[in-house]
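Novice: next one to model:
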Amino acid sequence: MGVMSGPYVIRGAVSLPEAELMWRFSRSSGPGGQHVNTSDSQVELRFDLAATESLPEVWKERALERLANRLVNGVVSVRSSEHRSQWRNRETALVRLTALLAEATAPPPKPRVKRKIPRGINERRLREKKQRGDTKRGRSGRDW
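Specialist: Residues are numbered from 1 along each chain as shown. Okay, the predicted model is just below:
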């Protein structure tokens with residue numbers, strides 16, 4: 001079993017501080033037999049995106065904008081209950097949160113540059129279309 005230890009790197013030198021992570025544990029549905037009724041294995045991990053100081057301002061704005069529909073009062077939350085063990089659910093939730101933040105803070109893709117289609121390519125396309133039409137026209141047995 002891997003050891004969970006911070007810092008949890010998002011990208012580059014930026015990481016999530018342990019102090020800003022809020023954990024909540026509850027009973028989980030799913031596999032576990034009688035064990036499931038006695039242990040709080042479901043994990044909910046919350047991170048206050050609006051109030052954090054650990055992210056660069058640009059990243060923070062980008063993430064707030066992109067995750068707007070997932071936020072509740074500026075807090076992003078991730079749940080995990082796949083595993084029987086709380087420990088593994090914690091790891092899964094952490095991985096999910098860091099992946100989510102990495103994606104949300106990523107720089108926008110470069111805009112696509114429109115280029116002119118070379119004349120030769122266009123002419124070849126039209127020539128092939130014409131040939132195809134002639135082939136199809138030749139299939140109808142009109143002029144027999």
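Novice: from now on I want contacts and neighbour counts done on CA atoms only, so please keep to that.
Specialist: Will do.
Novice: which residues in this protein form strands?
Specialist: Ranges of strands in the chain, per DSSP state E, are 8-11, 14-16, 21-26, 42-48, 75-80.
Novice: quick check: which of those is buried the most?
Specialist: Across the strands of the chain, averaging neighbours per residue (mean count of other CA atoms under 10 Å) puts strand 42-48 on top, at a mean of 21.
Novice: sheet partners, orientation included, of that one?
Specialist: strand 21-26 (antiparallel), strand 75-80 (antiparallel) (DSSP bridges).
Novice: now do that strand: everything it contacts.
Specialist: If you take CA atoms under 8 Å, 6 or more residues apart in numbering as the criterion, strand 42-48 is touched by 20-28, 74-81, 86, 89-90, 93-94, 97.
Novice: any idea of the mean pLDDT in it?
Specialist: For strand 42-48, mean pLDDT is 86.
Novice: same deal with stretch 65-72?
Specialist: 81.
Novice: do stretch 20-32 as well
Specialist: For stretch 20-32, the per-residue pLDDT values average out at 76.
Novice: next, count neighbours for Pro108.
Specialist: Counted with other CA atoms under 10 Å, residues neighbouring Pro108 total 8.
Novice: many thanks, have a good one.
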